[in-house]
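In: Task: produce atomic coordinates for the following.
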Amino acid sequence: MRKHYFALFIVTVWMILPHAPRAESDPLPWANPWDVGMDYTFVNKAFSELAAGIAEKAAPGAVGLILKDGKIVARRAVGNMQTNLMFRASETEKLTYIPMSDRMLEETIFDLASVTKMVACTMSIMKLVEKGKLDLDAPVIKHIPSFGARAKDKVTVRNLITHTSGLPAWYPLYEICVNCEEVFRCIEEEIALEYPPGKKRIYSDLGFIMLGKLVEVISGKRLDQFAAEQIFQPLGMNDTQYLPWLLKRLRAAPTEYDPLRDRALKGIVHDENARALGGVSGHAGLFSTVNDLAVFSQMLLNQGEFNGVRVFKKETIQQMLKPQLDDAVLREGSGFLKYRKQLLGWWGMDDKKTIGSMGGLPSTSAFGHSGFTGTMINIDPEHKTAAILLTNAIHPRRADSQKLRLYRNFFVNVSKALVGEKDVNVEPEN
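Out: Residues are numbered from 1 along each chain as shown. Below you'll find the predicted structure:
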């Protein structure tokens, strides 16, 4: 009974407290799609098919944003932030789902999941490289000697950031580690390599957990503080942070049900290993909005500068976006990345510019990344375009998610709006 009273209290507070007001001004100017050479019919179709997927429960809701030539051409919220309250009966342990509609807003804050790897961790690593404090080809043990245990001494920083370290893709660290120190000790001293460094690309959360620690070891500041000071604050990305505080949590789209809290996670990182790390990690934990990610994307399109503020040198961005691995290495790796080159951190388009369930935009210079919760960002320097799709597709259960369908439809239509239907190469559906 107490749980129901608590839930009623939370709902009441949520209904009484006003949603956060809109920002006084948009982060970028607006333009109509036709003003920047885009086919508005496909822009509209990107959102109509997104709405159709939401209506068919591919996700509770979504917010999409398209920008081109430094202008926002579309930004729309679809569906709901929340669709269910959940309770576990103490006697039977059975979950009860109570319908609850809470409209998705353009200002909704999302758990970015693995998009964290790019926006926070990769960019922080590149900032250290730019400052001359980190050599990508140096062995990790130069900065973290204990990482050399179990014959990991040959692994370089570049191996970590290109997913070629030999580390396993994933490990349930949260089941055996009680704090951050235990998580790092387990990776450094107890986990061995599964293949020779540089042999193949196996997408690994563990590698980015170690990159997050590298930022802290070299800079003397925890990853969240370093990224905020060096990237987010200079860009005015005020809704982008780890560990969002209470009022920002109220604006967050809930993700999956958490049995420990007996409710859906809202403003608390979904990834279990990131939670074991206190909510701050190189692989997950960052929260943001489409507006903030639009600013971030435009900074990259401007090669390190936004609104007169230079955050990165032009050369740093160019270095980051160079393909790193040859075809033989890519062929041996993670199958879901078969149409993606490997840049520093980011995924790049293949030579056929294939767009499918992992998104993409229609040029060989395009790059992007996705997150488990249902988030994706794609940037295309050739067309001066970025497209951002944020969903909470794993609410209330990850088994209900159809995020890949949403990715495909949204980014295929954005691409058609840019270059025309006949020039978009679409990956066949399975």
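
In: going forward, measure contacts between C-alpha atoms and count neighbours the same way
Out: Fine.

In: Could you give me the buried positions within stretch 374-389?
Out: For stretch 374-389, a neighbour-count test (16 or more other C-alpha atoms under 10 Å) marks 374-381, 383-389 as buried.

In: likewise stretch 52-65?
Out: 53-54, 58-65.

In: tell me the mean pLDDT over that stretch?
Out: The pLDDT scores in stretch 52-65 average 97.

In: any idea which helix or strand comes after the helix or strand residue 234 falls within?
Out: According to DSSP states H and E, residue 234 maps onto helix 233-235. Per DSSP H and E, the first helix or strand lying C-terminal to helix 233-235 is strand 241-242.

In: sorry, back to before: give me the subset of the buried residues of stretch 374-389 lying in strands.
Out: Among the buried residues of stretch 374-389, the members found in strands (DSSP state E) are 375-380, 385-389.

In: closest to residue 105 among the buried residues of stretch 52-65?
Out: residue 63 (7.5 Å; C-alpha to C-alpha).

In: List the residues that contact that closest one.
Out: 75-78, 104-106, 108, 290, 389-391 (C-alpha atoms under 8 Å, 6 or more residues apart in numbering).

In: buried subset of those residues?
Out: 75, 77-78, 104-106, 108, 290, 389-391.

In: Just these: which are in helices?
Out: Judged by DSSP state H, those include residue 290 as members of helices.

In: Make TSV out of the buried ones among the contacts of residue 63 and add pLDDT.
Out: Listed next are the buried ones among the contacts of residue 63 as TSV, based on pLDDT from 0 to 100:
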residue	pLDDT
75	98
77	98
78	98
104	97
105	97
106	98
108	98
290	98
389	98
390	98
391	98
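
In: Could you export the buried ones among the contacts of residue 63 as JSON lines, including distance to residue 315?
Out: Formatted as JSON lines, the buried ones among the contacts of residue 63 follow (distance: C-alpha to C-alpha, whole Å):
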{"residue": "75", "distance to residue 315": "31"}
{"residue": "77", "distance to residue 315": "36"}
{"residue": "78", "distance to residue 315": "38"}
{"residue": "104", "distance to residue 315": "39"}
{"residue": "105", "distance to residue 315": "37"}
{"residue": "106", "distance to residue 315": "34"}
{"residue": "108", "distance to residue 315": "34"}
{"residue": "290", "distance to residue 315": "26"}
{"residue": "389", "distance to residue 315": "28"}
{"residue": "390", "distance to residue 315": "29"}
{"residue": "391", "distance to residue 315": "33"}
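
In: And residue 72, its phi and psi?
Out: phi -80, psi 130 (degrees, to the nearest 10).

In: ok, it - how many residues close by?
Out: When neighbours are defined as other C-alpha atoms under 10 Å, residue 72 has 23 of them.

In: Could you report the pLDDT at residue 385?
Out: 98.

In: quick one, what contacts it?
Out: 66-69, 301, 379.

In: Give me the subset of those residues lying in helices.
Out: residue 301.

In: From the contacts of residue 385, pick the one nearest residue 174.
Out: Nearest member of the contacts of residue 385 to residue 174, counting by C-alpha to C-alpha, is residue 379, at 33.2 Å.

In: What pLDDT does the model give the closest one?
Out: Here the pLDDT value assigned to residue 379 is 98.

In: wait, doesn't it sit right on residue 368?
Out: Yes. Residue 379 lies in contact with residue 368 (C-alpha atoms under 8 Å); the separation is 6.0 Å.

In: Where does the prediction get shaky in the stretch 1-150 of the chain?
Out: Along the stretch 1-150 of the chain, the model assigns pLDDT under 70 to residues 1-24, 89-92.

In: if I pick the residue positioned nearest the centre of the chain, what's in contact with it?
Out: Nearest to the geometric centre of the chain sits residue 115, at 1.6 Å (C-alpha atoms, centre = their mean). By C-alpha under 8 Å, 6+ apart, residue 115 lies in contact with 284, 286, 369-371, 375-377.

In: do the same with residue 297
Out: Contacts for residue 297 (C-alpha under 8 Å, 6+ apart) come out as 379, 386.

In: before we move on, which element is it in?
Out: With DSSP H and E as the test, residue 297 turns up in helix 290-301.

In: from the middle of its chain, how far away would the helix or strand residue 44 falls within be?
Out: Using DSSP H and E, residue 44 maps to helix 40-55. Counting by C-alpha atoms, centre = their mean, to the nearest Å, helix 40-55 is centred 22 Å from the centre of its parent chain.

In: That helix - contacts with which helices or strands?
Out: Under the contact criterion of 3 or more C-alpha pairs under 8 Å, 6 or more residues apart in numbering; DSSP states H and E, helix 40-55 touches strand 61-68, strand 71-88, helix 403-419.

In: strands paired with the shortest one, and their directions?
Out: Using DSSP bridges, the strands paired with strand 61-68 are strand 71-88 (antiparallel), strand 385-391 (antiparallel).

In: Out of those strands, which is closest to residue 343?
Out: strand 385-391 (17.3 Å).

In: Nice, that's everything, thank you.
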